[in-house]
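Asker: Sequence first, predicted model second:
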Amino acid sequence: MKILAIETSADETAAAVVEERKVLSNVIYSQILIHKKWGGIFPSLAKRAHEEKIDLIIDEALEKFKMEEISFIAVTQGPGLAVALEVGIRKAKELAVKFNKKIIAVNHLEGHIYSAFVQNSKGNPKHDFKFPYLALIVSGGHTEFVILKNHLEYEIIGQTLDDAAGEALDKAAKLLGLGYPGGPVIERLSKDANNIDSHNFPRPMLKSNDLNFSFSGLKTSFYYFLKKNPNQTSKIKLLASSFQEAVFDTLIKKTEKAIKSTSINQLIVVGGVVANMRLRKLMRDLVKKYQGEVLFPSYKYLTGDNAAMIGVVAGFKAEKDLFVKNVDELDRIPRWSL
Amino acid sequence: MKTIKLSSNNTDQVINDTITVLKSNGLVIFPSDTVYGLLCDAESGEAVQKLISFKNRPPGKAISVFCDFKSINKLVKINNQQQKIIKEILPGPFTVILPSKHQVNKLLESEKGTLGIRIPMYQLINRLIQEFGKPVTATSANSAGRPANYSIETLLKELTNKQKELIDLIVDAGVLPRNKPSTVVDLSQSDVKILRQGDLDFSNKSKIFLSKSAEETKNIAKKILEEIRQPAEKKPLIFIIEGELGVGKTVFVKGLGESLGINNIISPTFVIYYEYDIKNQISKMIHIDLYNIQDKQEFMYLGLEKLLVPGNILCFEWGEKAGEIINLLKEKSEIVYVKMRYVDEKTRKIIIKD
């Protein structure tokens, strides 16, 4: 059972063909500018110009497949940017009608959670599901705790009230005069500073009893610190490192709280920020303390937005007959919660 | 194709041979602080063409260059702030992007005319640059899109015969430590500008509030919305909110949202905007953040015109970036300007003009 998956919830225009958990093809616009087939100068299209990219991306994903081989079409329905989601959904509908296929609507966040179980075309890694899991989605747009009780059964137990963790790191980089995206630069500078926390910026919400996050106060205090101490660029590595530690310490302490309150020691940590090796190490250390395990996205490309993870979720939805009943009425849900 | 094994007593010969090849527009595979790199004279069109056909990479995609502190100012434009950052992070495993002065071959620059600069913490390359006296390309020695290589053995397995023919010299330093490829720091990004001074005129009829807490900021927002909002709106209502990072713009929008029965507002920075249904009405509140807009062209793809519907409330954070579309907004909607300023760490001044 092969599924064509389409993802256009934010910046990335992406398509993939998957079979169960196996990814048979995976195409992300920002990473494939170089394909021979298009030759010459490839137009550098604006971010979010999904409409102009989507056909190319789908053609590329389907290069080795015939539409008759595809059983279903999966598409991200939300959360995300309305006008971006619309492009993917419109395309999915068009293909569904033209080739008489059913559509499976997927929540972008469940896609991220399942990214820890996505396999390559040979079926690796092989690890099986051991429910329940405590999942932390931590990216530029999201920071939330979800319990994955069983396939497709979710319960949100905490989330950010303002900025996402990845956004906080990006904005700190910007305040330091480093460009966008800031996450990887902050990671590298912090590593150079041996991840020392010399400034002890506030850890927001650690005293609150819930599992929610708030990073806007940390951003404010960082801004204010730089304003009061304008000649700090000479300490840029220590500042980056201290800020990163404040964000990660908050994530770790809240995760520990979540482990204790749910008694679940099987973790899934996914999203763009887990590209950061420091965060991975801290998470591994944490689960060791609770004799648990932590799963990260199985391949690096799965940390960011992609269609492969959407297709894998769709496979489990297809098994349960969770198809879109009325294709005409399928519409995007920009703030769709799990 | 010639190979030299690097050892502690043949560095002079390695440097000399490499320079000879570079001078004759050849390609050299050379070790670095990260992965094996592909070096050529960055100022020579012939050499750069050869490099690009090796990389199988279409023109328009930038390729960075190794240089030294002496020559960096000849290659790129650097302001004081950027200078400070460069001094802090270089030499090191960073590729710094800056506006090019077009000293190097144009094919190495991005479409926006920027150039990537590398000053590595790697003696052999620094010496080479010094003695060659010109920048050399700093791209990894693999086809575009393929993994980078840490040994000559794996590298050669990857290459096609055609690619091998393009190589003039290989400097083999054995297996390099598995350091990650360099991290890109884009210092060239200029904010999309933006409104001219005077586009937002707060001199007349503006109201000033002081807020001591997030809660107070929300209450100010609620009060303003109650005063302004008409029961039967003929036009959409737009809040353009301007103020520095962390000043409380999202808090203000949360206040507006709460009085419309919306309690799940989070930062839309990553996706640009989120839509919310206003309780008991068909209208929507749209929370927009232009912070990540880097290119005027991006406005075209946001579909904002479609949202300019009577009854809808649009809140723009970083509204000062809306310069491109401000006329469209002005024409079709009621606009309320909100300026937020830091007084001290806890206190904010909120200036409203409608």
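Answerer: The structure has been received and is ready for your questions.
Asker: can you pull the contacts of residue B:127?
Answerer: B:11, B:15 (C-beta atoms under 8 Å, 6 or more residues apart in numbering or on different chains). All C-beta atoms are positioned from the backbone trio N, CA, C, and that covers glycine.
Asker: Quick one: name whatever helix or strand follows the host helix or strand of it.
Answerer: In this assignment (DSSP states H and E), residue B:127 forms part of helix B:123-132. Going down the chain from helix B:123-132, the next helix or strand is strand B:136-137, by DSSP H and E.
Asker: list the helices and strands that next one packs on?
Answerer: With contacts taken as 3 or more C-beta pairs under 8 Å, 6 or more residues apart in numbering or on different chains; DSSP states H and E, strand B:136-137 sits against strand B:37-39, strand B:65-66.
Asker: now that strand: how far from the chain's centre is it?
Answerer: In terms of C-alpha atoms, centre = their mean, to the nearest Å, the centre of strand B:136-137 is set 23 Å apart from its chain centre.
Asker: what does it contact?
Answerer: Applying C-beta under 8 Å, 6+ apart, the contact partners of strand B:136-137 are B:22, B:37-42, B:48, B:51, B:63-66, B:108, B:128-129.
Asker: what's around the closest residue to residue B:62 other than its chain neighbours, how many residues?
Answerer: Leaving aside its chain neighbours, residue B:62 sits nearest to residue B:110 (3.9 Å; criterion: C-beta to C-beta, 6 or more residues apart in numbering or on different chains). The number of residues packed near residue B:110 is 17, by other C-beta atoms under 10 Å in any protein chain shown.
Asker: Give me the buried positions along stretch A:162-182.
Answerer: A:162-179, A:181-182 (16 or more other C-beta atoms under 10 Å in any protein chain shown).
Asker: of those, list those near chain B.
Answerer: A:162, A:163, A:164, A:166, A:167, A:171, A:174, A:175, A:176, A:177, A:178, A:179 (C-beta under 8 Å from any C-beta of the partner chain).
Asker: quick check, nearest of those residues to residue A:284?
Answerer: Of all those, residue A:166 has the smallest distance to residue A:284: 19.7 Å, by C-beta to C-beta.
Asker: quick revisit: backbone dihedrals for the residue nearest to residue B:62, please?
Answerer: Main-chain torsions, residue B:110, degrees, to the nearest 10: phi -80, psi 170.
Asker: would residue B:68 count as being in a strand?
Answerer: No - counting by DSSP: H, G, I helix; E, B strand; the rest coil, one finds residue B:68 to be coil, located in no strand.
Asker: I'd say it and residue B:131 touch.
Answerer: No - judged on C-beta atoms under 8 Å, residue B:68 makes no contact with residue B:131 at a distance of 10.7 Å.
Asker: Looking at those two, which one has more neighbours?
Answerer: Shown here are residue B:68 and residue B:131; by other C-beta under 10 Å, residue B:68 has more neighbours (17 against 12).
Asker: Could you point out which residue ranges in the chain have low pLDDT?
Answerer: Let's take chain A. Counting by pLDDT under 70, chain A has low-confidence residues at A:31-44, A:232-234.
Asker: should've been chain B
Answerer: Ranges of chain B meeting pLDDT under 70: B:57-60, B:144-145, B:190-204.
Asker: tell me the domain boundaries of it?
Answerer: Domain ranges of chain B: B:2-186, B:207-353, per automatic domain parsing.
Asker: For residue A:241, find the nearest of these.
Answerer: Per C-beta to C-beta, nearest to residue A:241 of the domains of chain B: domain B:2-186, 13.0 Å.
Asker: what's the first-to-last distance across the closest one?
Answerer: Using C-alpha to C-alpha, to the nearest Å, the end-to-end distance of domain B:2-186 comes to 36 Å.
Asker: so how far is it off the chain centroid?
Answerer: For domain B:2-186, the separation from the chain centroid amounts to 22 Å (computed by C-alpha atoms, centre = their mean).
Asker: Go through the helix holding residue B:127 and flag the buried ones.
Answerer: Neighbour counts over helix B:123-132 (16+ other C-beta under 10 Å) mark B:124, B:125, B:126, B:128, B:129, B:132 as buried.
Asker: Also stretch A:278-288?
Answerer: For stretch A:278-288, by 16+ other C-beta under 10 Å, it's A:278, A:279, A:282, A:283, A:286, A:287.
Asker: one step back: going by distance to residue B:345, which of the ones next to chain B among the buried residues of stretch A:162-182 wins?
Answerer: residue A:175 (15.1 Å).
Asker: got the contact list for the spatially most central residue of chain A?
Answerer: In chain A, the residue lying closest to the centroid (C-alpha atoms, centre = their mean) is residue A:271, at 3.2 Å. The contact partners of residue A:271, by C-beta under 8 Å, 6+ apart, come to A:112, A:137, A:138, A:139, A:142, A:166, A:303.
Asker: Figure out which of the helices and strands packed on strand B:136-137 is closest to chain A.
Answerer: With C-beta to the nearest C-beta as the measure, strand B:37-39 is the member of the helices and strands packed on strand B:136-137 nearest chain A (15.5 Å).
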